[in-house]
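Q: next comes the sequence, and after it the predicted model I'd like to discuss.
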Amino acid sequence: MKLRPIAAIAVRQYYLMRSGPTRALPIVIWVAVDIILWGFISRYLNSVAASRINFTATLLGAVLFWDFYTRVMQGVTLTFFEDVWSRNFFNIFASPLLISEYLTGLVVSSIVTSAVGLAVMLLLATTLFGLKFFALGLLLVPFLLVLFLFGIALGVLASAMVLRLGPVSEWLVWPIPALLSPFVGVFYPLSVLPRWMQVVGQLLPPSYVFASMRAALAGQAYSVGALAAGAGLALAQVLLASWLFLRVYRNVVRSGLLARYSAESAG
Amino acid sequence: MRTVVNVASGSALRIAVGAAPVAGGGVPEVLRIERLRKRYSSTLAVDEVSFGVRGAEIVGLLGPNGAGKTSIINMVLGILQPSSGSIEIEGIPLAQQRSRALAHTNFAAVYATLPGNLTVQQNLRFFSLIYDVANADARIEQLLSEFDLQRLRRTRCGLLSSGEQTRLALAKALLNRPRLLLLDEPTASLDPSAAALMRERIRALAVDGGCGILWTSHNMYEVQDTCDRVLFLSRGRILLEGDPKQLPRTHGAASLEELFIRLAREPLVEPHETARYPSARDASNTR
């Protein structure tokens, strides 16, 4: 892999971001809305609930983590969509650019945009609602790592889907994080779910993060092994998604779909 | 060399079909295509096509719509996988070493416009990184100057006129100093004056830069004026190959355009294929 082609994808995003507020604002608007909404909900629950649960930490912290992996995923897919929207696949894939370089470029772009989103969330959650985010200490490292890897896997998987099904399938991508949220136990332990949903949840790495976060905040023991399993699972899913993207790419090159991408069918 | 027969006129023409590499004063080939085939389910788009392009040579790829020209170009660019056959660019097999082979290539095509939401300079910067161009800033300035794009450097490409977009597409195509340049109807949207200037520039690229160029166009005047050699394609096969200035006279046509029309309407078939047709006219009608 070469650095310049990888940088090209990120530099292009930078050009587009600075060209106007249309692309830059959504990075901060949605996370800000989520934090403010859930911040007030947490504050209200803290005032009315009889229990000694700190809702700011459990609810707002969970929302922040959930939004983080959603932003990571969208960092990948939005960069990919730029090539869909500008009909740039021909120029991109008829160049020496390797698929590994292209995917790495998508990831680099996502690191930047998701870091900005995380910074905005932290700023609002800590200053407005007193979230003690750093109270989790070093646990934040594996938490953010697992969520980041899972967001990348989802983003690459969604991009592969759009590459295969055509531009209109973009609409299938947006609800993916919301569809997964009931299974990963953002606000509740997996044990409250029906058995089949628990099985699905155990295959999704964020489940281990949310469970460990709740345990740590409640002062209970959390399983390092489970967290490590979540990290391993997330890494495997990144590799699987990348392999799938490569398979889809080869398929659309073979079928002729890539050369006639806007037609959404090679037949 | 194989003999094929014009089923309409009954005349036999000796033409090169799948000819071996032509020795052009020892200039090595930058592109070699061997027995290239592409099938889309029931349609055979490209059928056993073989040819080469030497350095400093401009080869015109001609044929009616749907003849297989764009499929061939797409396969050379690695964006379409051949069903069989091989492609080598600068001796590097495309199927095995796609990235290395395409590093020596670039292209401009009317259907592959550059992102309209990036400025001229940003597009050149982006593609210079994609093509891993060293000293990109200097190269970009050189091309901006060469293609008279300096005053447009901060203009978004979507706002450019057709002529300006064509100039930009060509500037992008030269970023990596390709040894093989693929041009799919590069002057289609240009006025005659701009098209003539563009042809001069492309001609200079081949002569001065030693770049091999594969060019498709429906403008026979342009082809005759610019190309060293042409390949006539019909239904995915090369029917005729030769010097565009001599081919019309050789085949009893008043001009290249007339020859094109004749070939497009009444394609040649090989002698063994004529047996399938009860008469020349019937053969034409079956298509």
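A: Thanks, I have it. Numbers count the residues shown, from 1 in each chain, chains lettered A, B, ... in the order given.

Q: could you report the separation of B:Phe260 from chain A?
A: 25 Å (CB to the nearest CB, to the nearest Å). Backbone N, C-alpha and C define where each C-beta goes, glycine included.

Q: how about that residue, what does it touch?
A: B:62, B:220, B:232 (CB atoms under 8 Å, 6 or more residues apart in numbering or on different chains).

Q: go on, B:Pro248?
A: Going by CB under 8 Å, 6+ apart, the list of residues near B:Pro248 reads B:254-256, B:258-259.

Q: what are the contacting residues of stretch B:159-169?
A: B:108-109, B:112-114, B:116, B:120, B:123-124, B:147-149, B:152, B:157, B:186-187, B:189-191, B:194, B:198.

Q: now, those that are in helices?
A: B:120, B:123-124, B:194, B:198 (DSSP state H).

Q: and the buried ones among the contacts of stretch B:159-169, selectable in ChimeraX?
A: Filtering the contacts of stretch B:159-169 down to the buried ones (16 or more other CB atoms under 10 Å in any protein chain shown) takes a single ChimeraX command:
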select /B:108,109,112,113,114,116,120,123,124,147,149,152,157,186,187,190,194,198
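
Q: contacts with chain A among the contacts of stretch B:159-169, please.
A: B:109, B:112-114, B:116 (CB under 8 Å from any CB of the partner chain).

Q: from these, which land in strands?
A: Taking DSSP state E as the definition of strands, those contribute B:Ala109.

Q: which one of the ones next to chain A among the contacts of stretch B:159-169 is nearest chain A?
A: B:Ala112 (4.1 Å; CB to the nearest CB).

Q: count the neighbours of the residue nearest to that closest one when sequence neighbours are not counted for me.
A: Nearest residue to B:Ala112 in three dimensions, chain neighbours excluded: A:Phe90, at 4.1 Å (CB to CB, 6 or more residues apart in numbering or on different chains). By other CB atoms under 10 Å in any protein chain shown, 21 other residues sit near A:Phe90.

Q: how deep is B:Ser161 tucked in, by neighbour count?
A: B:Ser161 has 12 nearby residues by other CB under 10 Å.

Q: then B:Tyr221?
A: By other CB under 10 Å, neighbour count at B:Tyr221 equals 13.

Q: how about the one 5 residues further on?
A: B:Thr226 has 22 neighbouring residues, counting by other CB under 10 Å.

Q: with A:Asn46 instead?
A: 17.

Q: right, and it touches A:Phe55 too?
A: Yes: look at A:Asn46 against A:Phe55 with CB atoms under 8 Å: they come within range, at 5.0 Å.

Q: what stretches of the chain score poorly on pLDDT?
A: With no chain named, the answer covers chain A. A:262-267 (pLDDT under 70).

Q: chain B is the one I meant
A: In chain B (pLDDT under 70), the answer is B:1-25, B:266-287.

Q: how about the helices in it?
A: B:69-76, B:98-102, B:120-130, B:136-146, B:162-173, B:192-209, B:220-226, B:247-250, B:256-265, B:271-274, B:280-285.

Q: so which residues on chain B come close to chain A?
A: B:38, B:40-41, B:70-71, B:74, B:77-81, B:98-100, B:102-103, B:107, B:109, B:111-119, B:122, B:125-127, B:129-133.

Q: again, only using 6 Å
A: B:40, B:74, B:77, B:79-81, B:99, B:102-103, B:112, B:115, B:118, B:122, B:126, B:129-130, B:132 (CB under 6 Å from any CB of the partner chain).

Q: which among the residues you listed end up buried?
A: Using 16+ other CB under 10 Å, the buried members of those are B:74, B:77, B:79-81, B:99, B:102-103, B:112, B:115, B:118, B:122, B:126, B:129-130, B:132.

Q: picking up where we left off before, selecting buried members of the contacts of B:Pro248 in ChimeraX, what would you type?
A: Command for ChimeraX that selects the buried part of these, burial taken from 16+ other CB under 10 Å:
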select /B:256,259
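
Q: closest to A:Gly39 out of the contacts of B:Pro248?
A: B:Leu256 (74.1 Å; CB to CB).

Q: now the helices of chain B in CSV, with distance to B:Ile33?
A: Rendered in CSV, the data for the helices of chain B read as follows (distance: least, CB to CB, whole Å):
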stretch, distance to B:Ile33
helix B:69-76, 7
helix B:98-102, 12
helix B:120-130, 25
helix B:136-146, 29
helix B:162-173, 20
helix B:192-209, 19
helix B:220-226, 19
helix B:247-250, 21
helix B:256-265, 20
helix B:271-274, 23
helix B:280-285, 28
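
Q: quick check: which of those helices is nearest to A:Pro142?
A: helix B:120-130 (33.8 Å).

Q: before we move on, back to that, I'd like the ones in helices among the contacts of stretch B:159-169 laid out as JSON lines, including distance to A:Ser159.
A: JSON lines is the format used below for those (distance: CB to CB, whole Å):
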{"residue": "B:Val120", "distance to A:Ser159": "28"}
{"residue": "B:Asn123", "distance to A:Ser159": "22"}
{"residue": "B:Leu124", "distance to A:Ser159": "26"}
{"residue": "B:Ala194", "distance to A:Ser159": "39"}
{"residue": "B:Met198", "distance to A:Ser159": "36"}
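
Q: closest to B:Leu170 among those residues?
A: B:Met198 (7.1 Å).

Q: ok, now how distant is the residue nearest to the closest one when sequence neighbours are not counted from chain A?
A: Computed as CB to CB, 6+ apart, the closest residue to B:Met198 that is not its neighbour in sequence is B:Thr187, at 5.3 Å. Distance, B:Thr187 to chain A, by CB to the nearest CB: 19 Å.

Q: isn't B:Thr187 up against B:Ala195?
A: Yes: using CB atoms under 6 Å, B:Thr187 is in contact with B:Ala195, at 4.0 Å.

Q: nearest to A:Phe65, of the helices of chain B?
A: Here helix B:120-130 is closest among the helices of chain B (CB to CB), at 33.9 Å.

Q: show residues contacting that closest one.
A: A:4-5, A:7-8, A:12, A:15, A:95, A:97, B:114, B:136, B:140, B:149, B:152-153, B:155, B:157, B:168, B:172, B:175 (CB atoms under 6 Å, 6 or more residues apart in numbering or on different chains).

Q: also stretch A:205-219?
A: A:57-58, A:136, A:139, A:143, A:146-147, A:150, A:184-186, A:190, A:201, A:222, A:226-227, A:230, A:233-234.

Q: mind redoing it with 7 Å?
A: A:57-58, A:61-62, A:65, A:69, A:136, A:139, A:143, A:146-147, A:150, A:184-186, A:189-190, A:201, A:221-222, A:226-227, A:229-230, A:233-234 (CB atoms under 7 Å, 6 or more residues apart in numbering or on different chains).

Q: CA atoms only for that stretch - export them in PDB, please.
A: In PDB, the C-alpha atoms belonging to stretch A:205-219 read as follows (Å, rounded to 0.1, in the frame of the first residue of the first chain):
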ATOM      1  CA  PRO A 205     -19.200  -6.300  19.900                       C
ATOM      2  CA  PRO A 206     -20.900  -3.100  21.300                       C
ATOM      3  CA  SER A 207     -22.900  -5.400  23.600                       C
ATOM      4  CA  TYR A 208     -19.700  -6.100  25.600                       C
ATOM      5  CA  VAL A 209     -18.900  -2.400  25.800                       C
ATOM      6  CA  PHE A 210     -22.300  -1.400  27.100                       C
ATOM      7  CA  ALA A 211     -22.400  -4.300  29.600                       C
ATOM      8  CA  SER A 212     -18.900  -3.500  30.900                       C
ATOM      9  CA  MET A 213     -19.700   0.200  31.100                       C
ATOM     10  CA  ARG A 214     -22.800  -0.400  33.200                       C
ATOM     11  CA  ALA A 215     -20.900  -2.800  35.500                       C
ATOM     12  CA  ALA A 216     -18.000  -0.300  35.900                       C
ATOM     13  CA  LEU A 217     -20.300   2.600  36.700                       C
ATOM     14  CA  ALA A 218     -22.200   0.500  39.300                       C
ATOM     15  CA  GLY A 219     -18.900  -0.400  40.900                       C
END
